[in-house]
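Asks: Sequence and predicted structure, then a few things I'm wondering about:
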Amino acid sequence: AASVMDMVMEALKADPTAQFRLLKVIIDGELNEGEDADPVAASQLMLSLTQNDKTFYLNLLAHYEPDSVYDYIVKNDNYALDETLRLCNRLKITDATVYLLERSGDTTGALSMMLKSLSKRLDKLHELLLLRYGDRRGRGASHDPLMGRALHRMSSTASASRLQEVDAAVLISTTKEGQSIDRAFSVVLDICKRNT
């Protein structure tokens, strides 16, 4: 006999996005939040999820929110290691792949993969910064030509240098590239902490 969850998932079969949202609400515990919180229903729904439901959710998560896979697999261990490693590797979810390599015993391979990824991420950020500021001789295009010319003229002053540093820090913390580097450092540090 099919469970209520099986029937709901079957009814949503034509809409994987809806399946993903439903599973995410249940698994993330969102039914326990807000004015409409229903802890009893949330608990029953969570308990009704089968291993297949959780595996299906992980697959959907990898496709719809790949940046969330690492956090999910670190907090949960209800997945098949080899299958999840193949999925993350195929979809190029590096931080999750690295974690799974480490879990499978290949710490050297995990660190090597993450450091290569970090190097690529730093190269992308370097390109972004060059695009934004050009090199020290004033070459390269700034996104703001007036600011670029002003900074170039003031390049010998400490205030212009400080302005560039602050703007670069903001650029790093607010760009996908900068956030990606921050994540990579966190993953490398986590691996080192777990293996010392």
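Replies: Yep, that arrived.

Asks: residue ranges with poor pLDDT in the chain?
Replies: Within the chain, the stretches falling below the threshold (pLDDT under 70) are 1-2, 133-168, 171-172.

Asks: again, only using 90
Replies: For the chain, residues meeting the criterion pLDDT under 90 lie at 1-9, 26, 28-52, 77-78, 118-196.

Asks: For the residue nearest the centre of it, give its distance to Ala37.
Replies: Averaging the C-alpha coordinates of the chain gives a centre point, and the residue nearest to it by C-alpha atoms, centre = their mean is Asp67 (2.5 Å). Distance, Asp67 to Ala37, by C-beta to C-beta, to the nearest Å: 27 Å. Heads up, the C-betas are built off the backbone N, CA and C, glycines and all.

Asks: and if you look at Lys13?
Replies: Counting by C-beta to C-beta, the gap from Lys13 to Ala37 is 29 Å.

Asks: ok, now Gln179?
Replies: Counting by C-beta to C-beta, the gap from Gln179 to Ala37 is 31 Å.

Asks: what's in contact with stretch 31-49?
Replies: Around stretch 31-49, the neighbours that count as contacts under C-beta atoms under 8 Å, 6 or more residues apart in numbering are 3-5, 23, 25-27, 29, 57.

Asks: Name the residues of it that are buried.
Replies: Going by neighbour count (16 or more other C-beta atoms under 10 Å), the buried part of stretch 31-49 is 31, 42, 45, 49.

Asks: Where do the helices of this protein begin and end?
Replies: Counting by DSSP state H, residue ranges of the helices within the chain are 4-11, 16-27, 39-48, 51-64, 69-75, 81-90, 94-103, 107-133, 145-153, 158-174, 176-194.

Asks: hey, which of those is tucked in deepest?
Replies: Mean neighbour count (mean count of other C-beta atoms under 10 Å) peaks for helix 94-103 among the helices of the chain, with a mean of 24.

Asks: Give me the distance from that helix to the chain's centre.
Replies: 13 Å (C-alpha atoms, centre = their mean, to the nearest Å).

Asks: Tell me the helices and strands packed up against that helix.
Replies: Contacting helix 94-103 under the criterion 3 or more C-beta pairs under 8 Å, 6 or more residues apart in numbering; DSSP states H and E are the following elements: helix 69-75, helix 81-90, helix 107-133, helix 176-194.
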